[in-house]
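Colleague: give me the fold of what follows.
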Amino acid sequence: MHITTRLKMMSFMQYFIWGSWLVTLGSYMINTLHFTGSDVGMVYSSKGLAAIVMPSLVGIIADKWLRADRAYMICHLVCAVALCYAAHINEPGLMFWVMLINAMAFMPTIALSNTISYSCLEQAGLDTVNHFPPVRVYGTVGFIAAMWTISLMGVELSNVQLYIAAGSSLVLALYSMTFPKIPVVQNKASATLISKLGLDAFVLFKQPRMAVFFLFAMLLGAVLQITNTFGSPFLHDFARNPEFADSYIVLYPSILLSVSQMSEVFFILTIPYFLKRFGIKTVMMMSMIAWMLRFGLFAFGDPSGIGFALLMLSMIVYGCAFDFFNISGSVFVEQEVSSDIRASAQGLFMTMVNGVGAYLGAILSGMAVDFFSVDGVKDWQTIWLVFASYALMLSVIFWFSFHYRHTPENSTMRTATH
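Modeller: So this is what the prediction gives:
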């Protein structure tokens, strides 16, 4: 089997696991377990807390001591056990701790899957800018397949979603045993203490451009967490209105939300063109404007005719919002660092996006949802407009603070100094 096909299968299963619960767990906790907005934010913050340390730590281990493919397998075995146990929990505090264990194992696998893909493509003599996005797009397909599976099975408000994710994790752990060997970096006798400890990637913060890039990756990670946590509960809340109680959106919200991932499929495939034509700064700006539109359209959308069109547009712009900072950012980091710190640099990127950013996004968005709620009824329009304003503010500050001169060489190859 060709290596790109094998990587596509890995990517599909990697994100099928996440799609099985990431979007719908909030609705399960609010509607079935009767958790508050702050409770849900706390549980989702476990992903951010774990990602602050674990992707970088496991990336360092994968760079220096343990093969990335073996680290990947171990992490998914832990995920399978944690998710299975989480299905039995109905108390917020315990749910937080178990999902924290799951997150500590799962979050590193995102960066590790990127590392495995980049390494295998490089071993096969394939250009990462052109060949990684088509591999990664299968992850989006897997996410969509999971959302449709959960929705059509009618288990969005059930713990069955967690069992499905656990079984998928076990399958992927077994499949990862067939991956090509990903060699660790041999330590040189003259290596510094920082290099021996695997902290090379943190030196990137000494470069002003990279420091600003990672800062905004963190701030955009907070935006992503908001939509992951409260997008599904927002759509489920339309059931409170008798006019919308039997609407398609209320009955199958995950299918509507999956249009966001369908949009990703298109935008992922455009990444090579946009990066080469416009560069990372313009691509990131497009992402921030798309996030503003995502939330602004949510604010005025509903299951009615025009309102449904607005919700559908919100799903479409999500593809640009997510891919143009998350996938493009990963490719940008790959281009900017040398191969001997690839895993730890990808881990650092994931730490900023899905770690610090996700933690802040989960906690603060949960507080915002409760603040704009009266007797359990949420003022979703105000909530989404606040989030849209945040995205707009980010875009303005980013434009004036991130300095990057785009040239065709920067978008197609590493510089000679690497």
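Colleague: which SS class is the most centrally placed residue in the chain?
Modeller: Nearest to the mean C-alpha position of the chain, by Cα atoms, centre = their mean, lies residue 354 at 6.5 Å. With DSSP: H, G, I helix; E, B strand; the rest coil as the basis, residue 354 sits in helix.
Colleague: where does residue 259 fall, secondary structure wise?
Modeller: helix 253-278 (DSSP states H and E).
Colleague: and that helix, what does it pack against?
Modeller: helix 128-152, helix 208-236, helix 248-251, helix 280-300, helix 305-336, helix 408-412 (3 or more Cβ pairs under 8 Å, 6 or more residues apart in numbering; DSSP states H and E). In this view, the C-beta of every residue, glycine as well, is placed from N, C-alpha and C.
Colleague: buried set for the shortest one?
Modeller: What that stands for is helix 248-251. In terms of neighbour count (16 or more other Cβ atoms under 10 Å), helix 248-251 has its buried residues at 249, 250.
Colleague: can you name every helix or strand that that helix contacts?
Modeller: Partner elements for helix 248-251 (3+ Cβ pairs under 8 Å, 6+ apart): helix 208-236, helix 253-278.
Colleague: ok, back up a step: how much space between the residue nearest to the centre of the chain and residue 49?
Modeller: Using Cβ to Cβ, to the nearest Å, residue 354 is found at 10 Å from residue 49.
Colleague: just residue 338 next, same as before
Modeller: 30 Å.
Colleague: what about those two, which has more around it?
Modeller: residue 49 (20 against 11; other Cβ atoms under 10 Å).
Colleague: my guess is the more buried one contacts residue 101. True?
Modeller: No. When contacts are counted by Cβ atoms under 8 Å, residue 49 is not listed as touching residue 101 (11.1 Å).
Colleague: the nearest residue to residue 385 once chain neighbours are set aside: neighbour count?
Modeller: The shortest distance from residue 385 to any non-neighbouring residue, by Cβ to Cβ, 6 or more residues apart in numbering, is to residue 299 (4.9 Å). Neighbours of residue 299 under the rule other Cβ under 10 Å: 17.
Colleague: check contacts around residue 299.
Modeller: 380, 381, 382, 384, 385, 388 (Cβ atoms under 8 Å, 6 or more residues apart in numbering).
Colleague: out of the residues you listed, which end up buried?
Modeller: Buried members of these, counted by 16+ other Cβ under 10 Å: 380, 384, 385, 388.
Colleague: looking at the residues you listed, which are in strands?
Modeller: Counting by DSSP state E, no part of the buried ones among the contacts of residue 299 is found in strands.
Colleague: next one, pLDDT for residue 346 please.
Modeller: What the model reports for residue 346 is a pLDDT of 72.
Colleague: make sure it is actually in contact with residue 334.
Modeller: Yes. Assessed by Cβ under 8 Å, residue 346 is found in contact with residue 334 at 7.3 Å.
Colleague: higher neighbour count, the two?
Modeller: Set side by side, residue 346 and residue 334 show more neighbours around residue 346, with 28 against 22, by other Cβ under 10 Å.
Colleague: name the residues of stretch 79-91 that are buried.
Modeller: Neighbour count says stretch 79-91 has 79, 80, 81, 82, 83, 84, 85, 86, 87, 89 buried, by 16+ other Cβ under 10 Å.
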